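Visitor: This is a predicted model, with the sequence first.
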Amino acid sequence: MAISAKHLLEIAVDAAEDKKAMNLVVLDLQGVSLIADYFVVCHGNSDTQVQAITNEIRKRVHEAGAHIRGTEGFDSARWVLLDLGDVIVHVFHRDEREYYSIEKLWSDAKVVEMA
C-alpha cells in the first residue's frame, strides 16, 4: 500500500519536531512545481542535531513502509536533502539556512500550517 504525500509529510514533520528542529516550514508546491508536492524546511543548531533530525525522519519513514529515494549531504551536515518522492525534506545547519534562504526562492508556494 502506497503512503499518501500528506501522510509522508506528517511523518517527516513529527520526526523533525521530536528532534527539536528549528523554524520548521512546510511549503505546498502543488501547482507551482512538478518536483514534489511539499517541501519541508528546517534547521538544527549543530552538525549533530542536523544528523539527528535526518536520522529520525529516515527511521520513521522506513517504519511506515515508505521508500527514501535519496539522501544528500548527510556527512557534512550543512544541508541535508531527503527525497521521499512527493515530499522533499531540507535539513539545514543554521548558518546555511540563512545563507540559502530557500523559502524565498519558492515564494510562490503556499505555507502549510501543521497542527
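Guide: Great, that's in hand. Owing to the predicted nature of the structure, the values given are computational and were not obtained by experimental measurement. Residues are numbered from 1 along each chain as shown.
Visitor: Name the helix or strand for the residue nearest to the spatial centre of the chain, please.
Guide: Nearest to the mean C-alpha position of the chain, by C-alpha atoms, centre = their mean, lies Val89 at 2.0 Å. Per DSSP states H and E, Val89 falls inside strand 87-93.
Visitor: so Leu27 touches Lys110, yeah?
Guide: Yes - here Leu27 reaches Lys110: they are 7.2 Å apart, a contact under C-beta atoms under 8 Å. Heads up, the C-betas are built off the backbone N, CA and C, glycines and all.
Visitor: For the two, indicate the residue with more neighbours.
Guide: Taking other C-beta atoms under 10 Å, Leu27 and Lys110 do not tie; Leu27 has more neighbours (24 against 13).
Visitor: Which neighbouring elements make contact with the host helix or strand of that one?
Guide: Per DSSP H and E: Leu27 is located in strand 22-28. Applying 3 or more C-beta pairs under 8 Å, 6 or more residues apart in numbering; DSSP states H and E, we find strand 22-28 packed against helix 5-18, strand 38-44, strand 110-112.
Visitor: which stretch among those comes nearest Glu98?
Guide: Shortest distance between Glu98 and the helices and strands packed on strand 22-28, using C-beta to C-beta, is found for strand 38-44: 8.6 Å.
Visitor: Name the residues that touch stretch 101-115?
Guide: Contact with stretch 101-115 is made by 9-10, 13, 24-29, 32-33, 38-39, 41, 90, 92, as judged by C-beta atoms under 8 Å, 6 or more residues apart in numbering.
Visitor: Could you identify the buried members of these?
Guide: Buried members of those, scored by 16 or more other C-beta atoms under 10 Å, are 9-10, 13, 24-27, 29, 38-39, 41, 90, 92.
Visitor: could I get these as JSON lines with distance to Leu81 and pLDDT?
Guide: Shown next, in JSON lines, are the buried ones among the contacts of stretch 101-115 (distance: C-beta to C-beta, whole Å; pLDDT from 0 to 100):
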{"residue": "Leu9", "distance to Leu81": "16", "pLDDT": "96"}
{"residue": "Glu10", "distance to Leu81": "19", "pLDDT": "96"}
{"residue": "Val13", "distance to Leu81": "16", "pLDDT": "97"}
{"residue": "Leu24", "distance to Leu81": "16", "pLDDT": "96"}
{"residue": "Val25", "distance to Leu81": "15", "pLDDT": "95"}
{"residue": "Val26", "distance to Leu81": "15", "pLDDT": "96"}
{"residue": "Leu27", "distance to Leu81": "14", "pLDDT": "95"}
{"residue": "Leu29", "distance to Leu81": "14", "pLDDT": "93"}
{"residue": "Tyr38", "distance to Leu81": "14", "pLDDT": "96"}
{"residue": "Phe39", "distance to Leu81": "10", "pLDDT": "96"}
{"residue": "Val41", "distance to Leu81": "11", "pLDDT": "96"}
{"residue": "His90", "distance to Leu81": "6", "pLDDT": "97"}
{"residue": "Phe92", "distance to Leu81": "10", "pLDDT": "97"}
